[in-house]
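> got a predicted structure plus its sequence, pasted below:
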Amino acid sequence: MAFGRGKKGSTSANAEGVDNVDETEEDAADDAATVDVVVARAPIDEAEAGSDDVLPRIDLGGLRVPVLPGTEVRVELNEAQFPIAATIVHGGSSLQVLAFAAPRNSGIWAEVRAEIADSVRAEGGHVDEVETVFGPELRTRVRGEAQQGKATEQVLRFVGFDGPRWFVRGVFSGPAATHPAQATVLETVLTSIVVVRGSDPMAPRDPLPLRLPKEALAAADPAAAAAAAAEAARPVFEPRQRGREITETS
């Protein structure tokens, strides 16, 4: 499902599989300790984000993605039709963005980076690690399906960001993966994305929950959109003693 303005077309990279690591509920619920962001440029944590009136963004739940002129935002769905990633398309390039929970006292990009490199090499691809304004990132060449008897090769650029109890991975493909000038717009989108981690306990590497925007929900299922709007408009009674927590979604 796509939103925004611009030409359609581009293939995004598939999400890498990750294994969950146990985290206690007490640690996950502690909002005091955070991970320092050491890169010069990175997505924005919700606590530091300004008003969306300044830079309009599409609300996908765990991610709020800006739509710049000439770009298109696509929401990737899994087999169960749940949103799992956002892909921003600009010209012939694309940027896939995935967000995960992370430990509160350490980052995971170094570990994930090593796993990606091992996976690419195991498939016969090539990996270079370089230092950029985003910190260490991977430039990879991976083999694709053979076409007319010739093997194809795709260049992908992996970037990662350790934030306050969250981790964001971006994958550039197309000209933006090899030509810096072609990546400028997508890099601007990436560093303007707002990450909404929330306070719920989550195991490290669990994906942050995403949702379709209200406009997309209304187009796909008007009845469901109306029900969600009615539920969100209901007054909430707060008892004196804390009971079962109810989360409203739309």
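Happy to help now that I have it. Numbers count the residues shown, from 1 in each chain.

> what is the top strand by length along the chain packed up against?
What stands out as the longest strand in the chain, according to DSSP state E, is strand 153-163. For strand 153-163, the packing partners by 3 or more C-beta pairs under 8 Å, 6 or more residues apart in numbering; DSSP states H and E come out as helix 109-122, strand 135-143, strand 166-173. Using the backbone N, CA and C atoms, a C-beta is placed for each residue, glycine as well.

> who are the packing partners of the helix or strand following the first one?
Moving toward the C-terminus from helix 109-122, the next helix or strand (DSSP states H and E) is strand 126-132. When contacts are defined as 3+ C-beta pairs under 8 Å, 6+ apart, strand 126-132 sits against helix 109-122, strand 135-143.

> winner for burial among those?
strand 135-143 (a mean of 18; mean count of other C-beta atoms under 10 Å).

> partner strands of it and their direction?
Partners of strand 135-143 in the sheet, by DSSP bridges, are strand 126-132 (antiparallel), strand 153-163 (antiparallel).

> which of those sits closest to Thr178?
strand 153-163 (5.4 Å; C-beta to C-beta).

> would you put the C-alpha positions of that closest one in PDB?
Presented in PDB, the C-alpha positions along strand 153-163 are these (Å, rounded to 0.1, in the frame of the first residue of the first chain):
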ATOM      1  CA  GLU A 153      24.000  -8.700  -8.900                       C
ATOM      2  CA  GLN A 154      22.300  -6.300  -6.600                       C
ATOM      3  CA  VAL A 155      24.000  -3.600  -4.600                       C
ATOM      4  CA  LEU A 156      22.500  -2.900  -1.100                       C
ATOM      5  CA  ARG A 157      23.600  -0.400   1.500                       C
ATOM      6  CA  PHE A 158      22.800  -1.300   5.200                       C
ATOM      7  CA  VAL A 159      22.700   1.400   7.900                       C
ATOM      8  CA  GLY A 160      21.700   0.900  11.500                       C
ATOM      9  CA  PHE A 161      20.900   3.100  14.500                       C
ATOM     10  CA  ASP A 162      20.900   2.300  18.200                       C
ATOM     11  CA  GLY A 163      18.400   4.600  19.900                       C
END
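
> sorry, back to before: can you list the strands paired with strand 135-143 in TSV and add mean pLDDT?
Output for these, formatted as TSV (pLDDT from 0 to 100):
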stretch	mean pLDDT
strand 126-132	96
strand 153-163	95
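
> could I get these as TSV with mean neighbour count and distance to His90?
Listed next are the strands paired with strand 135-143 as TSV, based on neighbours: other C-beta atoms under 10 Å; distance: least, C-beta to C-beta, whole Å:
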stretch	mean neighbour count	distance to His90
strand 126-132	12	19
strand 153-163	21	14
